[in-house]
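> Here is my input; please provide its structure:
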Amino acid sequence: MADWAAVAKVVNDRMAEVGMTQRELIERSKVAPMTIRQIQQGVDRKRNRNTLAAISRALGFPEEHLSHVAARSQPDAGRDDDEDATVAQLVKELAALRRRVDAIESRLADQE
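I've put the predicted structure just below:
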């Protein structure tokens, strides 16, 4: 039986971590808004593997990540050190990019 509460936690935590809105997740994953909402709420319902793969990719995870979370309810279990290092590096790069965008937006606002 799938652990949809664990999937919801991983999705919601990751969205908060990278500053992603629900709308952005919908746009990036191309998954229906109702499905995204149900997944975020942990609604117990069978999910298509392609749906979970699309959401995983949109969140910057390996394609099978959410399927593995659903199957074993331990989000980081089974991840090897290389994957952890890659994810950590991507998080750092995303944070740096976000700071640069914020600085550019601030300069643009000052020019107005």
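
> any idea how far D110 is from L97?
Per Cβ to Cβ, to the nearest Å, D110 is found 21 Å from L97. Backbone N, C-alpha and C define where each C-beta goes, glycine included.

> So between the two, which is more surrounded?
Taking neighbours as other Cβ atoms under 10 Å, D110 and L97 compare with L97 leading, 10 against 7.

> so where do the helices sit in the protein?
Taking DSSP state H to define them, one finds helices in the chain at 4-18, 22-29, 33-41, 49-58, 65-72, 81-111.

> what helices or strands is the fourth one leaning on?
What it means is helix 49-58. helix 22-29, helix 33-41, helix 65-72 (3 or more Cβ pairs under 8 Å, 6 or more residues apart in numbering; DSSP states H and E).

> Check the gap between V69 and L59 for me.
Distance, V69 to L59, by Cβ to Cβ: 11 Å.

> Surely Q40 and A8 touch.
Yes: between Q40 and A8 there is a contact under Cβ atoms under 8 Å: 5.6 Å.

> Can you read off the backbone torsions of L59?
Main-chain torsions, L59, degrees, to the nearest 10: phi -90, psi 0.

> ok so, going back, tell me which of the helices and strands packed on helix 49-58 lies nearest to I55.
With Cβ to Cβ as the criterion, I55 lies closest to helix 22-29 of the helices and strands packed on helix 49-58, at 4.8 Å.

> Which strands or helices does that closest one pack on?
Here helix 22-29 touches helix 4-18, helix 33-41, helix 49-58, going by 3+ Cβ pairs under 8 Å, 6+ apart.
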